[in-house]
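S.K.: Got a sequence here, can you build the structure:
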Amino acid sequence: MKLKVKVCGMRDPENIRAVAALQPDFLGFIFYPKSPRFLESSKGFPIDLPASICTTGVFVDEKPERILELVQLFQLKAVQLHGKELPEMCDKLRNTGLTVLKALPVASEGDLLRARDFEGSVDYLVLDTKTIHHGGSGQKFDWQLLDKYQSRLPFLLGGGVSSEDVTAIQLIQHPLLAGVDINSRFEDSPGNKNINLVREFINQLNSIRKI
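M.R.: This next block holds a predicted model:
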């Protein structure tokens with residue numbers, strides 16, 4: 001099965017278009033002011049991206065009303081909630097027709113138990129490395145913990161995924177691994193993705209996952 005690829009944390013219109021030309025499944029834009037990849041303005045934002053790409057707004061403990069305002073302004077198709085949001089909030093957003101992803105910070109087997117709380121409320125979980133910040137750390141959690149993942153929700157593997165991880169990803173046999181979420185390890189600077197690294201990663205990932 002072909003793994004989905006989400007490229008997250010972009011803000012420069014030209015860089016966004018260049019990444020979009022590589023046809024990832026998701027493009028993520030961060031609307032969290034404390035992030036170095038904060039997308040502050042809609043000026044020049046390319047709303048005419050390929051229809052196959054699920055444009056995704058990333059939010060941290062934001063009010064639903066504000067999320068929906070930004071969804072409309074940027075014509076987003078999905079939201080990723082990266083804070084302490086409860087399943088009830090996920091339900092509310094999902095009922096508007098949005099695809100909903102929920103980030104789950106992971107450091108131990110116990111953290112994976114929370115995945116079950118969101119069954120029926122989100123479309124995907126994003127398993128990220130637990131840090132004092134909200135993602136973008138460039139650090140990996142112990143991928144052997146994935147053997148303990150028992151939720152029914154498909155997940156994207158995040159947290160420090162790099163261009164050197166294709167073989168390791170290939171070895172992950174979990175049936176609910178739906179894709180990978182890449183960000184800081186593919187940058188020349190915060191918010192500016194290295195197109196060659198992203199292209200090579202997507203091509204390699206596609207080649208190993210074709211049936």
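
S.K.: Secondary structure of K6: a strand, I assume?
M.R.: Yes - the assignment for K6, made by DSSP: H, G, I helix; E, B strand; the rest coil, places it in a strand.

S.K.: Tell me how far the closest residue in space to it that isn't next to it in sequence lies from K148.
M.R.: Nearest residue to K6 in three dimensions, chain neighbours excluded: F26, at 3.6 Å (CB to CB, 6 or more residues apart in numbering). For glycine as for every other residue, the C-beta is placed from the backbone atoms N, C-alpha and C. When distances are taken as CB to CB, to the nearest Å, F26 and K148 turn out to be 25 Å apart.

S.K.: the strands in the chain, which residues?
M.R.: Counting by DSSP state E, the chain has strands at residues 4-8, 26-30, 54-59, 78-81, 99-106, 124-129, 155-157, 177-182, 187-189, 192-193.

S.K.: for the fourth one, packing partners?
M.R.: Meaning strand 78-81. Contact here means 3 or more CB pairs under 8 Å, 6 or more residues apart in numbering; DSSP states H and E; on that basis strand 78-81 packs against strand 54-59, helix 87-94, strand 99-106.

S.K.: Using JSON lines, please lay out those together with mean pLDDT and distance to K6.
M.R.: As requested, these are exported to JSON lines (pLDDT from 0 to 100; distance: least, CB to CB, whole Å):
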{"stretch": "strand 54-59", "mean pLDDT": "98", "distance to K6": "7"}
{"stretch": "helix 87-94", "mean pLDDT": "98", "distance to K6": "17"}
{"stretch": "strand 99-106", "mean pLDDT": "97", "distance to K6": "8"}
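
S.K.: okay if I get these as CSV plus mean neighbour count and distance to N196?
M.R.: CSV is the format used below for those (neighbours: other CB atoms under 10 Å; distance: least, CB to CB, whole Å):
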stretch, mean neighbour count, distance to N196
strand 54-59, 24, 23
helix 87-94, 17, 35
strand 99-106, 23, 27
